[in-house]
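A.B. asks: quick one: sequence plus predicted model below, questions after.
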Amino acid sequence: MFVQLKKELNPQQYAAVTHKNGPILVLAGAGSGKTKAITYRIAYLIHHQKVDPKTILGVTFTNKAAGEMRQRVAALIGPKAKEVTLCTFHSLGLKILREHGHHLGYRRNFTIYGEGDQLSLLRTLIREHPKKRDKFDAGILLSRISGYKNKCVDGKSEFPLYGDKYDDILPEVYDRFQSALRAYQAVDFDDLILLPIRLLDEFPDVRRFYHETYQHLLVDEYQDTNHGQYRLITLLASAHRNICVVGDDDQSIYGWRGAEVRNILNFEKDYPDAKVIKLEQNYRSTQVILDAANHVIKNNNKRQDKRLWTDRGRGKNIDAFLARDENDEAKTIAWRLQTIKERASARWSDFAVLYRSNVQSRALESTFRVNKIPYIVVGGYEFFDRKEVKDIIAYLKVVQNPRDDLSLLRILNYPRRGIGDSAIVRLHEEAHKRDLCVYDLLKEAQNDHELSKQAQEGLRSFLLLIEELRKQRHAGDLSQLVRSTIEKTGYREEIERTIDDAITAQMKIDTVEELVSAASSFSEQEEAGTLASFLDSLSLNDDTFQNGGKKIRPDDAVLLATLHSAKGLEFPYVFMCGMEEDLLPHSRSLNEGGGIDEERRLCYVGITRARRHLTMSLVQERNKFGRKAKRIPSRFLKEIPEDLLCKQYSHSPNFFDRQIIKSANDDK
DNA sequence: TAGTTGAAAGTTTTT
DNA sequence: CTTTCAACTA
Ligand SMILES: Nc1ncnc2c1ncn2[C@@H]1O[C@H](COP(=O)(O)OP(=O)(O)OP(=O)(O)O)[C@@H](O)[C@H]1O
């Protein structure tokens, strides 16, 4: 590979890849080969500089982008890639916390709370609060708690005031929230960044350990880092200063969760000796696509000046079509996709359909399904948000960490064990008063005569069940454990008992079964197929579960993804759907964070994913809560010059051969 | 304590 | 349209 380095890289990339130690900044536009520079640099360090792969750390914000890095490094250096740490900030934080969290009082088996867990914890706190009549919204509280937490990275600070009813209760709820997490041995996503910062900051030994361990840091999509992640990286780099960051201010799309572009813009101030590199040639897209992207993004102010050119030829115009509703849109996409595929003899995986919001995947999925177009959905809700799955996972979480009161209380009386609300409230309060975790309290409460006979019996069988599963945890394999959990809890019977509709009941049973397959395919592809790693992967939304619980993952499939999770990827053929006002730009985004500019960047990201051809679509009306709502074209569509577009607004897509493209509704 | 009923509310992006 | 939650009844 060394021989070809000079051939495969342009001079600027070559400079970035082969630069000796010290800070490097690559600030450049979409498709200019930033990720290529990072991955080649990793390969170069290993092959040329004889750097031990284990001492290289590459991080980025999203799972998808981390996976892309991993894949591209593996393509370059083969199996050695496994020794390089390539992950998201959060999984790096998790690693640090599992290895050294004991300094801060965390056991190795601590639990990760996702947003759902955070919200349900907050809801119980609100329920117990004396002022609960005020109808506090858990979501608002959560965003303020998270904001405050992150603000405290640089030391304790005042609670910010918003001038509403939440101001009064925030400090108290915050304290209770934090102590609950501690008591439960649980950490939330913020903690996965903030606690490692404390470890590195306050414990010189830990800091020294990681300075030794990771001697070369590389950060992709650096514009997406928030202050905590910036601090984390800065601490990790402080000894050797071998830090290479790449990014593009025009692709900053996470302002709404605290990402700060100034992290990348200030890099030269942080590291005055930084080698700064600009890349100006786009190797990805045709002229038409690049022009469209540039015309859209130039409507933003406050941009870093960047040049971008391509020699890949003009290419075909961008198609833009109007459909009647989202099902028509999906059908037309299916039809066009198949047409392009045949004409260009492309593979399914050469296509991506991108959208602003996860709900948009629904119509696409059902249409693709009936038309036998293989697809993979990135992220989205679906599987792991279903009640059945969350219940079983709560059991597994308790098995792993019995101090997790929140998960325990969720399942203590599901399936029904005769333990009612009053008993649960009593147990919870008692545990809180005596500074015990509920699990330990249960051991005595099973003989507490103030509880009903029924409840006592229920507690006994619950404890027995958990103990049994805990024993099994180390013995058998993971999928066996999940299966036992389902069987021993009598979950299937509970579903059959409580749900009258046989079809719904069967669906739920199937869902639970799918979780077993998810577990078994997990232990097949992970060498450490333990319960702990399974729960971690679930919490971090790991790529392993891309297709929910389904075991069969087509290896050649169309990608369905949000604009956010498509960043960093590229496809010969891209569809952007829902090009409508209130969706892109999204109506809810206009007041917050980056506002319209961030939405425009999102559009820019979408356009620049395409290599050869881009199709945009919009609909006349969209179903919203069972009502039809009229839609108007996105302003971004109008920012693209007419001569780059090929508009097909006139005829209904129903026009297209109905025999070829089935509608999702008329499949029976 | 368990189960039913009816009203109300939700409509963004990720870890 | 869906899900969630409070109030009610058995
Ligand atoms: N010097 C080069 N010669 C040929 N092709 C290149 C070169 N550099 C990059 N490419 C190709 O251009 C495409 C885009 O590269 P890459 O994904 O690294 O860009 P990027 O700057 O990271 O993009 P983005 O900002 O959108 O994530 C890839 O297909 C890559 O292989």
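C.D. replies: Great, that's in hand. Numbers count the residues shown, from 1 in each chain, chains lettered A, B, ... in the order given.

A.B. asks: list the contacts of stretch A:462-482.
C.D. replies: A:392, A:395-396, A:398-400, A:402, A:412, A:417, A:419, A:439, A:442-443, A:446, A:484-485, A:488-489, A:515-517, A:519-520, A:522-523, A:529-531, A:534 (CB atoms under 8 Å, 6 or more residues apart in numbering). In this view, the C-beta of every residue, glycine as well, is placed from N, C-alpha and C.

A.B. asks: just how off-centre is that stretch within its chain?
C.D. replies: 29 Å (CA atoms, centre = their mean, to the nearest Å).

A.B. asks: name only those of the contacts of stretch A:462-482 that count as buried.
C.D. replies: Among the contacts of stretch A:462-482, those classed as buried by 16 or more other CB atoms under 10 Å are A:392, A:395-396, A:398-400, A:402, A:412, A:417, A:419, A:439, A:442, A:446, A:484-485, A:488-489, A:515-517, A:519-520, A:522-523, A:529-531, A:534.

A.B. asks: what residue in chain A comes nearest to DNA strand C?
C.D. replies: A:G626 (3.2 Å; CB to the nearest atom of the strand).

A.B. asks: please tell me how far that residue sits from A:R144.
C.D. replies: Plainly put, A:G626 is 33 Å away from A:R144 if you go by CB to CB, to the nearest Å.

A.B. asks: more neighbours, these two?
C.D. replies: A:R144 (18 against 5; other CB atoms under 10 Å).

A.B. asks: please, which helix or strand holds that one?
C.D. replies: helix A:138-151 (DSSP states H and E).

A.B. asks: per-residue confidence averaged over that helix?
C.D. replies: In this model, helix A:138-151 has a mean pLDDT of 87.

A.B. asks: re earlier: so which of the contacts of stretch A:462-482 also contact DNA strand B?
C.D. replies: Among the contacts of stretch A:462-482, the residues lying close to DNA strand B (CB under 7 Å from any atom of the strand) are A:417, A:419.

A.B. asks: where does the stretch 51-200 of chain A dip in pLDDT?
C.D. replies: Applying pLDDT under 70 to the stretch 51-200 of chain A picks out residues A:130-134.

A.B. asks: before we move on, what SS does A:R307 have?
C.D. replies: Following DSSP: H, G, I helix; E, B strand; the rest coil, we place A:R307 in the coil state.

A.B. asks: and it, how many neighbours does it have?
C.D. replies: A:R307 has 12 nearby residues by other CB under 10 Å.

A.B. asks: so it makes contact with A:E280?
C.D. replies: Yes: because the distance of 4.6 Å satisfies CB atoms under 8 Å, A:R307 is recorded as touching A:E280.

A.B. asks: who touches both of the two?
C.D. replies: Residues touching both A:R307 and A:E280 (CB under 8 Å, 6+ apart) are A:G29.

A.B. asks: next, A:L560: phi, psi?
C.D. replies: The phi/psi pair for A:L560 (degrees, to the nearest 10) reads phi -110, psi 120.

A.B. asks: who does it bridge with?
C.D. replies: For A:L560, the beta-bridge partners are A:V353, A:V377 (DSSP bridges).

A.B. asks: can stretch A:72-86 be found next to DNA strand B?
C.D. replies: No: judged by CB under 7 Å from any atom of the strand, stretch A:72-86 makes no contact with DNA strand B; its nearest approach is 13.5 Å.

A.B. asks: that stretch: end-to-end distance?
C.D. replies: 11 Å (CA to CA, to the nearest Å).

A.B. asks: where does A:R410 land on pLDDT?
C.D. replies: Note on A:R410: pLDDT of 87.

A.B. asks: secondary structure element for it, which one?
C.D. replies: Using DSSP H and E, A:R410 falls in helix A:405-411.
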